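Engineer: model this:
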Amino acid sequence: MPSAALLAAAGFLLASPIAANDSEAEIGLGGIELKPSSALRMLKEDLYVSADLVRVDYVFENPTDEYITATIAFPMPSQPRGLAARDMYYDNTENWSGFDFATHVDGRPLRLQQLDRAMIGDRDVTDAVAERGWPMAWAHFDELNPFARLSETEQEALVAEGWAVRDPLFGNEVVPAWDQVTYFVREQTFEPNSTVAVRHEYVPMVGGSAGSALYPQYRSDDADSILAEYRTKYCLDEDIVAGIDRRVANPGGAEEMQTYMGETWLNYVLSSGANWDGPIREFRLVVDKGSPDALVAFCMDGVKKIGPTQFEVVKQDFEPTRDLEVLIINFFRYD
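Structural biologist: Okay, here's the model as predicted:
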């Protein structure tokens, strides 16, 4: 049975990233900072999320009698720390061409500026990382991990200083504590008493696992178990657990075809949508799980199934308080 954890790109296997809500931003010496907008409103957001495509349509409003020019940032989530195939990511990081990122404003294509930052949590450490000669983008492979060849004493000093961590995703190897975060930014002028329609779409980089810790024989109710983590992160409930058990049960015994499962992880930075003046007036989310037999879990109330693979959430005056994390569980049968 396949069991090794892996991450790959959907177009090649979520991008991280998936990506994020537009937000007003400031760009200074310390990097990029998302800030609340004092005047601009988000009238509408229509978001479609799948492992193959992310598409988001916005309608913004300037309700004032003045022209407003703002730096608008579209933050991509940080690169998944478990990304085993980061060499694939390196091939596309300069222009994200492999992810077909496209933006249209009022129907016209627009080119965005890409800014890459090194982040430890909410702290921008880009300049400090560069000053020390460390790479912003890293992998756990020896040649791409700047800490791999250091002595144990040197590694422990970096852990104590907060620059490195012992990450269980990499067998408790000492790896950098920062993640690379990409922002797409643009200068946008909003005319007085007007609206602007913006569309972003791209092929997401997806995370996932060829196996799963959710098999009945591997599950645990311990507080630090994967099941407990998924209940918090994806609002995984007992209906999903029961659905897993039904699909992987093999009543025919070992001689019959066996059912295995794999996971796909999607992330969308939704919380930056709370940076506008007031709530999102009209919000619609569609999550597409891809296969009718797949299972999907994410934290959102008012979910309605609208098709064999699609689930919809519609809200009025929505103020997001957390990012969207989506778990898709696919099932496969083998001899």
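
Engineer: how near is residue 305 to residue 236?
Structural biologist: According to CB to CB, to the nearest Å, residue 305 and residue 236 sit 17 Å apart. For glycine as for every other residue, the C-beta is placed from the backbone atoms N, C-alpha and C.

Engineer: If you could redo that for residue 258, that was the one I meant.
Structural biologist: For residue 258, the distance to residue 236 equals 23 Å [CB to CB].

Engineer: do residue 327 as well
Structural biologist: 7 Å.

Engineer: Just give me the neighbour total for residue 144.
Structural biologist: 15 (other CB atoms under 10 Å).

Engineer: In the stretch 201-335 of the chain, where is pLDDT below threshold?
Structural biologist: 250-257, 272-275, 335 (pLDDT under 70).

Engineer: Can you list phi and psi of residue 332 for me?
Structural biologist: phi -140, psi 150 (degrees, to the nearest 10).

Engineer: Please name the residues that touch it.
Structural biologist: Residue 332 makes contact with 259-262, according to CB atoms under 8 Å, 6 or more residues apart in numbering.

Engineer: which of those are buried?
Structural biologist: Buried members of the contacts of residue 332, counted by 16 or more other CB atoms under 10 Å: 260-262.

Engineer: All the helices of the stretch 201-335 of the chain, in order from the start?
Structural biologist: Using DSSP state H, counting those that start in this stretch, the helices of the stretch 201-335 of the chain run over 226-233, 238-248.

Engineer: Specify the angle between the longest one and helix 226-233 in degrees.
Structural biologist: To tie it back to what came earlier, the one meant is helix 238-248. If you take axes from the mean of the first three to the mean of the last three CA atoms, to 10 degrees, helix 238-248 sits at 130 degrees to helix 226-233.

Engineer: Please put the alpha-carbon coordinates of helix 238-248 into CSV.
Structural biologist: What follows is helix 238-248, C-alpha atoms only, in CSV (Å, rounded to 0.1, in the frame of the first residue of the first chain):
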residue,chain,number,x,y,z
GLU,A,238,-18.2,11.5,12.3
ASP,A,239,-20.1,11.4,9.0
ILE,A,240,-16.8,11.7,7.1
VAL,A,241,-15.1,9.1,9.3
ALA,A,242,-18.1,6.7,8.7
GLY,A,243,-17.8,7.4,5.0
ILE,A,244,-14.1,6.5,5.1
ASP,A,245,-14.9,3.2,6.9
ARG,A,246,-17.6,2.2,4.4
ARG,A,247,-15.3,2.8,1.4
VAL,A,248,-12.2,1.0,2.7
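
Engineer: list the helices and strands it packs on?
Structural biologist: Applying 3 or more CB pairs under 8 Å, 6 or more residues apart in numbering; DSSP states H and E, one finds that helix 238-248 contacts strand 258-269, strand 295-298, strand 324-334.

Engineer: Report the secondary structure state of the closest residue to residue 172 other than its chain neighbours.
Structural biologist: Leaving aside its chain neighbours, residue 172 sits nearest to residue 166 (4.7 Å; criterion: CB to CB, 6 or more residues apart in numbering). The three-state label given to residue 166 by DSSP: H, G, I helix; E, B strand; the rest coil is strand.

Engineer: picking that back up, residue 258 and residue 236: who's more crowded?
Structural biologist: Neighbour count, other CB under 10 Å: between residue 258 and residue 236, residue 236 has more, with 23 against 15.

Engineer: Can you report how many residues lie near residue 108?
Structural biologist: 7.

Engineer: Now do the contacts for it.
Structural biologist: Per CB under 8 Å, 6+ apart, neighbours of residue 108: none.

Engineer: where do the helices sit along the stretch 1-150 of the chain?
Structural biologist: 86-92, 126-131.

Engineer: residue contacts, the closest residue to residue 294 other than its chain neighbours?
Structural biologist: Distances taken as CB to CB, 6+ apart place residue 330 nearest to residue 294, at 4.9 Å, with adjacent residues excluded. By CB under 8 Å, 6+ apart, the residues touching residue 330 are 261-264, 290-291, 293-294.

Engineer: repeat that for 7 Å
Structural biologist: 261-262, 264, 291, 294 (CB atoms under 7 Å, 6 or more residues apart in numbering).

Engineer: Pick out whichever of these sits closest to residue 210.
Structural biologist: residue 262 (5.2 Å; CB to CB).

Engineer: separation between residue 331 and residue 311?
Structural biologist: 18 Å.

Engineer: Neighbour count for those two, which is higher?
Structural biologist: residue 311 (19 against 16).

Engineer: partners of the residue lying closest to that one once chain neighbours are set aside in the sheet?
Structural biologist: Spatial nearest neighbour of residue 311, chain neighbours left out: residue 287 (4.9 Å); criterion: CB to CB, 6+ apart. Judged by DSSP bridges, the bridge partners of residue 287 are residue 49, residue 311.
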